[in-house]
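>>> fold the following, please.
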Amino acid sequence: MKRIGLALLGLLVLGWTAGAQTSREELLSHMELTAGNYANYPVPTGHLTPAITQ
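Here you go, the predicted model:
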């Protein structure tokens, strides 16, 4: 009985993760993520505070 329950739990987990988004879809929808270490930092948006000068 424990084996059947464990097998059903495994199938449930396998079915649950099958609907997850693939990395290919994620990268194709956000091409800026494909640059790795060579990516530029994003340009800041909004109000920037002035630098403190002494």
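>>> dump the longest helix seen in the chain to CSV, keeping only the CA atoms.
Determined from DSSP state H, the single longest helix within the chain is helix 2-18. Output of helix 2-18 as CSV, limited to C-alpha atoms (Å, rounded to 0.1, in the frame of the first residue of the first chain):
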residue,chain,number,x,y,z
LYS,A,2,2.9,2.4,0.8
ARG,A,3,4.4,1.7,-2.7
ILE,A,4,1.1,2.6,-4.4
GLY,A,5,0.8,5.8,-2.4
LEU,A,6,4.4,6.7,-3.1
ALA,A,7,4.0,6.0,-6.8
LEU,A,8,0.9,8.2,-6.9
LEU,A,9,2.6,11.0,-5.1
GLY,A,10,5.5,10.7,-7.6
LEU,A,11,3.2,10.9,-10.5
LEU,A,12,1.4,13.9,-9.0
VAL,A,13,4.7,15.8,-8.5
LEU,A,14,5.8,14.8,-12.0
GLY,A,15,2.5,16.1,-13.5
TRP,A,16,2.7,19.3,-11.5
THR,A,17,6.1,20.2,-12.7
ALA,A,18,5.3,19.3,-16.4
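>>> continuing past that helix, what's the next helix or strand?
Remark: after helix 2-18, the chain's next helix or strand is helix 23-29, criterion DSSP states H and E.
>>> and that next one, what's its mean pLDDT?
Across helix 23-29, pLDDT averages out at 81.
>>> what packs against that helix?
With contacts taken as 3 or more CB pairs under 8 Å, 6 or more residues apart in numbering; DSSP states H and E, helix 23-29 sits against no other helix or strand. Backbone N, C-alpha and C define where each C-beta goes, glycine included.
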